[in-house]
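Asker: I'll drop the sequence and a predicted model, then ask my questions.
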Amino acid sequence: NPENTARIKENSVVVYLKASPRALLARVGHSRRPLLRGGDKLDIITSLMSQRSSLYEQAADITVDTSNLGVTGVVDAIMTALRQSEAAA
């Protein structure tokens, strides 16, 4: 929702934790999430990402590709991106 996104961005830094469809499948493919029912899970994830990724990218102040990162790597990447963002401001 564009209105929600605008409100969030007023007082926050929006970080998009991007991942490849295969990485997402490895993370959530075993779950019983309603969106992943009724078909090939990789196809569903790929379709959802093609529909949503441009919206996520437009909303994000910072994008971190988490496809090949563990939790510590994600935290380090976010902290680095935040420092770079602050330095550029």
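Answerer: Good, I have the coordinates.
Asker: Pick out the residue nearest the middle of the chain.
Answerer: In the chain, the centroid-proximal residue (CA atoms, centre = their mean) is Leu17; its distance is 3.1 Å.
Asker: ok so it is a strand residue?
Answerer: Yes: Leu17: assigned to a strand according to DSSP: H, G, I helix; E, B strand; the rest coil.
Asker: Give the burial count for the nearest residue to it once chain neighbours are set aside, as a bare number.
Answerer: Leaving out its chain neighbours, the residue that sits closest to Leu17 by CB to CB, 6 or more residues apart in numbering is Thr66, at 5.0 Å. Quick note: C-beta positions are derived from backbone N, CA and C, even for glycine. A count of nearby residues for Thr66, using other CB atoms under 10 Å, gives 20.
Asker: State the helix or strand in which Glu3 lies.
Answerer: helix 2-11 (DSSP states H and E).
Asker: circling back to that earlier point, got the contact list for the residue nearest to the centre of the chain?
Answerer: Residues in contact with Leu17, defined by CB atoms under 8 Å, 6 or more residues apart in numbering, are Val64, Thr66, Val74.
Asker: picking up where we left off before, test my guess that the residue nearest to Leu17 contacts Val74.
Answerer: Yes: taking contacts as CB atoms under 8 Å, Thr66 lies within contact range of Val74: 5.1 Å.
Asker: Distance from the chain centre to stretch 24-32, please.
Answerer: Put simply, stretch 24-32 sits 15 Å off its chain's centre (CA atoms, centre = their mean, to the nearest Å).
Asker: for it, which positions count as buried?
Answerer: Leu24, Leu25 (16 or more other CB atoms under 10 Å).
Asker: Show which residues not belonging to that stretch make contact with it.
Answerer: For stretch 24-32, using CB under 8 Å, 6+ apart, the contacting residues are Ala19, Leu36, Lys41, Leu42, Ile45, Met49.
Asker: can you tell me how far the second one sits from Asp65?
Answerer: Here the criterion is CB to CB, to the nearest Å. By it, Leu36 lies 22 Å from Asp65.
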